[in-house]
Structures are given as structure tokens and as C-alpha cells.
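> Next come a sequence and a model predicted from it.
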Amino acid sequence: MAFSSLKSDRERGLLDGQFLIAMPGMKDANFIRTVIYVCAHTEAGAMGFIINRPQSVKFADILLHLNMIDQNEAIMLPEQARNFPIQTGGPVESGRGFVLHSDDYLSESSIPVSDDISLTATLDIVRAISDGRGPSRATMLLGYAGWGPGQLEAEIAQNGWLNCPPNEDLIFDRALDCKYDRALALIGISAAMLSSEAGHA
């Protein structure tokens, strides 16, 4: 699914707002030991964001790249903006930034993902964050994960993913190294308990 097909007036899909947790047998290097927050799941496909992959780019780098500030202004950014988390959201459109955030910030371009979390991919939220006017909880993700029609369902059926309801704290938590294990703990299992092969009776 392309990000452009994600609309605010769409009906919620079965996996919308869910976590996907990669199984140990995941062969795609883009998704080994990943936790993905699904933002849209429809007959046209699915899209979401990896929430446990670091990114070396800093928020100030984003602002400089967009010509929103100069080097002197980068030094003067509010602490919250200087330390704003940037993560690798997925392999699709990896040069494009998306902000997952709490619903205390909304613009005309914000798309509700759940009752409490929205997605904004326009410069207005970048400006708000740089000015200290951004949402109380947020993370920027470069790129996203996308699946075509039926692709995600097939991967789940082939034992590629587990899914479970999300935990908002986990979405915005900056302790990325242990997110995979903590996501599994949400459904009461550990990585050691998982098999890379689907079981059949």
C-alpha cells in the first residue's frame, strides 16, 4: 500500500493500530526482530512503521536539509527539538519523514490512526516541533513498511508475524534495544519460546 492511499475518512481495517512482531524465521533483513505499528490495513494492502530501529540522522539535520534553519539556529534549538527521536520507519520512501504522535497536536493534514495516535507527514508539524509547539509524545520515522493486496495476510499465514494490540508507551519509548522482547511480553511469550516453523496438526 502506498502512503498516498491513507486517508483520514477511511474505515478502520482489521490490523489498524495493531503491533506486528516479526517471528524468528523472518528472512527479510529489513524486518528481522522488528516491531511494526500498523497504520492502515485494507483490501488495497497495508502500511506501518518499524518502531525499534535506530537512525543516525538528528532532528537538526532534517531542519538543515529542509532549509528551515541555518547552522547558527541549529545550536539554538530548544532541548526537546535537539533531542527529538528519529527512527528508521521502513524500506519504502526511506528519504521521507513521518511523525507518529499523540492527538494533542492536530493539523489539517493529520490522519487519525487510533483514538489516541495520529500521523502527520507535512512540514507544519516539523515547524511546530522545532519551535517547541509540537505534540507531547511523538517520534519521526524515515520511510515506512508497505504491503500489497493480500501480502501481509499471506506472511502472517506463513508464520512470519505475530500481531497484538499496541501499547502506546512502547510506541514512543526510546529504549529501542529491548522493544522487541517487551512487545512479545505483551502477549505473554519470550523469543526463546518461538519456533521459526509453523506448526501443523
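Arrived safely, thanks for sending.

> Give me the number of neighbouring residues for A154.
A154 has 11 neighbours, counted by other Cβ atoms under 10 Å. C-beta here means a position set from N, CA and C on the backbone, and glycine is covered the same way.

> what does P165 give?
10.

> Residue numbering should commence at 49 henceforth.
Right, with 49 as the first residue, what we last looked at is P213.

> contacting residues for the residue lying closest to it once chain neighbours are set aside?
Closest residue to P213 apart from its sequence neighbours, by Cβ to Cβ, 6 or more residues apart in numbering: Q66 at 6.4 Å. Going by Cβ atoms under 8 Å, 6 or more residues apart in numbering, Q66 touches Y85, V86, H89, N211, C212, P213, P214.

> excluding its backbone neighbours, what's nearest the residue nearest the centre of the chain?
Residue closest to the average C-alpha location in the chain (Cα atoms, centre = their mean): F97, at 2.8 Å. Leaving aside its chain neighbours, F97 sits nearest to G137 (4.1 Å; criterion: Cβ to Cβ, 6+ apart).

> Roughly how far does the one you found sit from D118?
27 Å (Cβ to Cβ, to the nearest Å).

> So these two - more neighbours on which side?
Ranked by neighbour count (other Cβ under 10 Å), G137 and D118 place G137 first, with 28 against 10.

> in terms of contact, does that one touch Y192 like I think?
Yes - using Cβ atoms under 8 Å, G137 is in contact with Y192, at 4.9 Å.

> follow-up on the earlier one: who's in contact with the residue nearest to the centre of the chain?
By Cβ under 8 Å, 6+ apart, the residues touching F97 are I84, Y85, C87, Q135, G137, G138, F146, L148, L189, Y192, A193.
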